[in-house]
Every structure is written in C-alpha cells, then in structure tokens.
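*Asks:* Got a predicted structure plus its sequence, pasted below:
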Amino acid sequence: MTTADPSGTFVQKPKTIAALKEGIASGSVKAADLTASYYERIAAVNPQLNVYLSLTKERAVEQAARIDALAAKGDPLPALAGIPVGIKDVLVVKGAPATAGSKILKGYEPPYDATSVTKLEAAGAVLLGKINCDEFAMGSSNENSAYGPVRNPVDPERVPGGSSGGSAAAVAADMAVATLGTDTGGSIRQPASFCGVVGVLPTYGRVSRYGLIAFASSLDRVGPFAANVRDAATLLGVLAGHDTKDATSSPAPVEDYAAESDKGAEGLRIGVPAEYFSDGLDPEVRAAIEKGIEDLKAAGCTVKSISLPHTKYAIPTYYLVATAEASANLARFDGVRYGYRSAASENLAAMYKHSRDEGFGPEVKRRILLGTYALSAGYYDAYYLKAQQVRRLLAEEFLRAFTEVDAIVTPTSPVPPFKLGEKTGDPLAMYLADIYTVTASLAGICGVTVPCGSTSSGLPVGMQVLASHLRESTAFRVARAVEAAQK
Ligand code: GLN
C-alpha cells in the first residue's frame, strides 16, 4: 500500500469495512498497524494528490490502541472499529486546524468536535486527518482551495470534482477507507462520481450539521463517501439521528441501512426524468447511464419515463438561495474572532475590510457580492423571495413524482471529470455543470451516487439515485443493484 500504481493512476480500492472489522475482531489485523499503513500511504501519495491538509496522528494512535485493547479482550466491537477515516476540513475536530479551504481561517483551532465526528469516533473509527476542499465548500472542482487543488487519482491531470474533492479522492486512492464530506448543491455526489466512488446525500436533517462551518444553512448536508454501497450504508447508520444541537435535525428513527440495502431492487419502480437527458449531456455519460438503467431492468425494476419540468429553473434558484445564505453566514469572518487578521489595520473598519479582502478568495467574494445584492432592500422580493417560491415548486414536483416511482435515476454530472484549469476562467460554465445535483438539494430529498461504467478513456461515470425524504434505504437498494452489475 505504499506506492502509486505503475500505470500512472493512483486508484487503489480499500478493503471493505466488514472485512477489516472481521480482521480486527479475529486479531489478524491490528488497528494500530492498519492506522500506520494508512499514514504510510498518505505520506507516499499526498505530495502528488494534495488530499490531506493536516493529520490527527496522536488522536488516531490513541483510538487505534483503544480498539486493539477491546479486540484483545474479545469484547464486542462497535460498527466502525478501527476503520481509518478522513474528515472534510469544513467540519470541526477539537484541536485540529479547521481551514474550510480558506486563508481567512488560517491558524483557527476549534475547541469542540462536530457531531458527525463524535459519532464516527464513538463507533470506533480512527480519524486520520483533515481533508482539502473548495474554500467554504464553494466550487465544483476543488480549484478554489486556498491550499492548492486536489488531483483526481484516476487521472492527476483532471479535477476530482468539488467541493468535497479531497474526500472523494481519499477513498479512490485508498488514503482512507471512508471519509466525510458535505453537500450543499452536489458537493458529495459530483466528486464521488468524478473519482469513481460512492457518495451519499442524506435527507436534509438526517445527519446533524452541528460543527459544520456553514455555507448555506437551508441546503447544507453532511454525508459519507465509501468505496462501495454497503459501506456507505453502514456509515450513514452511524451518522444519522436526532441531535439537540441542530434545530433542523430530524427526530425520525434511524433504519439499519446496511441490512436494508441487502434486500435487492426487485419490484422497485424507477423514474427516468427526460429533462436530465437533454442537450449538454456528454454522449459517453449518457451511454453509461443508459446501460445502468438496462441493468436495473435486469435486476427486476420497472422503469418509466417521467418529467420534472421545473429543472430548468434549478441553477438560478440554487445560486440565489445559496449565495444569499452564504453572504449572511460568512459575515462572521471579520478578523476578530477566527483565524487570519490583516496587519494593515490602522483602525477597526480598515481591519475588517483588509482581513476580508486578503482572507477570502475570488469565488467566495463573488458569492458574497451576489448574495448581498440578492438580499438588499428593493431586490429581496424580486430575487430571494422568488427563488424560494420556485424552490417550493421544485420540491412539490419531486414529491408528485415519488407518488408514482420509488426512485429517480439520472447522471450525477453531465460531463466526465475535466482537466485542471479547463473551467476556472468561466464561473458560469462551472455553475451550469451542477444542473443534475442542485435540484435534490433544493428539494431536501436524499440520494446516492454510484459508479456506473466509464468513458472510452477510462474516466468514471456516476449514476445519481434519488429517493424521497427519509427513503435512503430505497436509494441504497437501487445503488446496490447498479453496483452489482459493474464489471
Ligand atoms: N458546486 C456547487 C457550488 O459551488 C455545490 C457546492 C456544494 O455542494 N458545497 O455551490
């Protein structure tokens, strides 16, 4: 597990959670050795891929020792005993630097753990470190990180997607067995699809946002990445559940997603929305998804075409709601409370101004400007309010569709992973590529992206499987069937 593949790709599939856990329980794998081998792998490939921003070695070594002691006693092991995981750097880990990919948070060390981090550790996971992402999770390529872009392990000349590009790349390159990411408009699903791994968008409120550095609070979700669907389901089972520290957290009971995912997809009704297969869809992506749909039929699903006509309004709606909320959330970074403070501070107002000017990158500034404009007096009704109304229509349209079908399948991204630098000069082109993911974000529903074939040059294609609120189990069942048909 120490060097890159001689073929030039960094792809290396991790062992499954179940296999590793069995090894740890039987004593054939020591959590301490496993942890050490992951740090070796990180040391070997991080210089090329730029995935980890900081490591939490001390904490990892302590946790691994605790797990090995439990195993030696023959005690029952928790769900993720000894499993090495990485955390997107927008989630806080006590005492570890939290940058959110931004210079403005340089030097900030949060005094507490995010709930999702607490839950992973309580389930026995070993935290390896904090993972690179687009600044404040704004982006689709990881090129907006103040700490340099992450490279796609499948082809290092290409982007891993964003904003959780590092979390997807880590799993693809076996620099962690699983990772946490966040998804506001596609930031788990699109990078998972670009790197050939599984990513989960839990229903809004299913996983606590406590300890997440907020981008757009009504859209932000925390979710897992894994190398296979069953592992992803196991992880969601650990992460999901009510949290009194997040007022939007759902009190609904948590299902045994992994066991549910074993039930197969036979008899499930699948909807294929025409709007997700129109102009702008790469022909090779289309072909791969169409093949995936045939595989679902072979697995016993019934497939029908449906229509989601409000899809065409999703991009402007998302980019109004997300930027408006971001402009409010990012007001707290003023040079006083967290991280970076400009040295050019002749008075208080200048200190705020210079700290924000020097601390934020261009994309974040663009969004603060857009959002502030959309919320300003005289424009609120025309932009923000209107966007909220369209958001409602989009959500209703999905709910109507889910009275006829159990799941909806689409491509996750209209294009395969693109080259570094290819879209950086054209922010609008970058936004438009989020077309298939922002809809579910606005509607609050859940989904899974699962590898579904590849292009002729070997670039991964992901299928997005969407299901209604709190129907994660259904999405997992469909995704398992797609996965089972892959060679
Ligand atoms: N690409 C989208 C954006 O830039 C989504 C980001 C996200 O989900 N965090 O806003």
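*Replies:* That came through fine.
*Asks:* got the residues of this protein near the ligand?
*Replies:* Within the chain, the residues that sit near the ligand (Cβ under 6 Å from any ligand atom) are 137-140, 163, 183-187, 215, 322, 434. No exception for glycine: its C-beta is placed from N, CA and C like everyone else's.
*Asks:* Which of those sits closest to Tyr384?
*Replies:* Ala322 (11.1 Å; Cβ to Cβ).
*Asks:* so that closest one is in which element?
*Replies:* Per DSSP states H and E, Ala322 falls inside helix 314-329.
*Asks:* follow-up on the earlier one: redo the residues of the chain next to the ligand as a markdown table? Include neighbour count.
*Replies:* As requested, the residues of the chain next to the ligand are exported to a markdown table (neighbours: other Cβ atoms under 10 Å):
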| residue | neighbour count |
| --- | --- |
| Ala137 | 29 |
| Met138 | 28 |
| Gly139 | 29 |
| Ser140 | 28 |
| Ser163 | 34 |
| Asp183 | 28 |
| Thr184 | 28 |
| Gly185 | 28 |
| Gly186 | 32 |
| Ser187 | 36 |
| Phe215 | 27 |
| Ala322 | 27 |
| Asp434 | 25 |
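*Asks:* Which members of these occur in helices, if any?
*Replies:* Among those, DSSP state H puts Ala322 in helices.
*Asks:* Pull out the buried residues from stretch 214-223.
*Replies:* The neighbour-count check on stretch 214-223 (16 or more other Cβ atoms under 10 Å) flags Ala214, Phe215, Ala216, Ser218, Leu219, Asp220, Arg221, Val222, Gly223 as buried.
*Asks:* picking up where we left off before, now the helix holding Ala322: mean pLDDT?
*Replies:* On average, the pLDDT along helix 314-329 is 97.
*Asks:* buried ones in it?
*Replies:* Under 16+ other Cβ under 10 Å, the buried positions of helix 314-329 are 314-315, 317-327, 329.
*Asks:* Strands of the protein, residue ranges please.
*Replies:* 52-55, 84-88, 126-131, 178-183, 198-201, 221-226, 269-273, 302-306, 407-411, 446-454, 460-467 (DSSP state E).
*Asks:* Could you say which of those strands is packed most deeply?
*Replies:* Most buried of the strands of the chain by mean neighbour count (mean count of other Cβ atoms under 10 Å) is strand 198-201; its value is a mean of 32.
*Asks:* Residues contacting that strand, please?
*Replies:* Applying Cβ atoms under 8 Å, 6 or more residues apart in numbering, the external contacts of strand 198-201 come out as 164, 168, 181, 183, 188-189, 191-193, 221, 223-229, 231-232, 235-236, 440-441, 446-451, 462, 472, 479, 483.
*Asks:* repeat that for 7 Å
*Replies:* 168, 181, 183, 188-189, 192, 221, 223-229, 232, 236, 440, 446-450 (Cβ atoms under 7 Å, 6 or more residues apart in numbering).
*Asks:* For Ala79, give me its contacts.
*Replies:* Listed by Cβ under 7 Å, 6+ apart, the contact set of Ala79 reads Ala123, Gly124, Thr234, Gly237, Val238.
*Asks:* so how far is Gly27 from the first one?
*Replies:* To tie it back to what came earlier, the one meant is Ala123. Ala123 sits at a distance of 20 Å from Gly27 (criterion: Cβ to Cβ, to the nearest Å).
*Asks:* Neighbour count for those two, which is higher?
*Replies:* Neighbour tally, Ala123 and Gly27, criterion other Cβ atoms under 10 Å: the higher count belongs to Ala123, 19 against 11.
*Asks:* In terms of secondary structure, what does the helix or strand bottoming out on mean pLDDT in the chain contact?
*Replies:* The helix or strand of the chain with the poorest confidence is helix 427-432; it has a mean of 91 (mean pLDDT, DSSP states H and E). Packing contacts for helix 427-432, counted by 3 or more Cβ pairs under 7 Å, 6 or more residues apart in numbering; DSSP states H and E, involve helix 314-329.
*Asks:* now the helix it packs on, how far from the chain's geometric center?
*Replies:* 18 Å (Cα atoms, centre = their mean, to the nearest Å).
*Asks:* Give the other helices and strands that that helix contacts.
*Replies:* With contacts taken as 3+ Cβ pairs under 7 Å, 6+ apart, helix 314-329 sits against helix 362-375, helix 386-401, helix 427-432, helix 438-443.
*Asks:* So which bits of the longest one are buried?
*Replies:* Judged by neighbour count (16+ other Cβ under 10 Å), helix 386-401 contains these buried residues: Lys386, Ala387, Val390, Arg391, Leu394, Ala395, Glu397, Phe398, Ala401.
*Asks:* Next one, pLDDT for the last one please.
*Replies:* Model confidence at Ala401, expressed as pLDDT, equals 98.
*Asks:* Relative to Leu470, how far out is it?
*Replies:* For Ala401, the distance to Leu470 - Cβ to Cβ - is 16 Å.
*Asks:* which residues touch the residue nearest to Glu284 when sequence neighbours are not counted?
*Replies:* Using Cβ to Cβ, 6 or more residues apart in numbering and skipping the chain neighbours, the partner closest in space to Glu284 is Thr455 (4.2 Å). For Thr455, the contact set (Cβ under 7 Å, 6+ apart) comprises Glu284, Pro416, Val461.
*Asks:* Most remote residue from the middle of the protein, which is it?
*Replies:* Distance to the chain centre peaks in the chain at Glu346, reaching 40.9 Å (criterion: Cα atoms, centre = their mean).
*Asks:* sorry, back to before: I'd like to know which of the buried residues of stretch 214-223 is nearest to Leu268.
*Replies:* Within the buried residues of stretch 214-223, the smallest distance to Leu268 is 21.7 Å, found for Gly223 (Cβ to Cβ).
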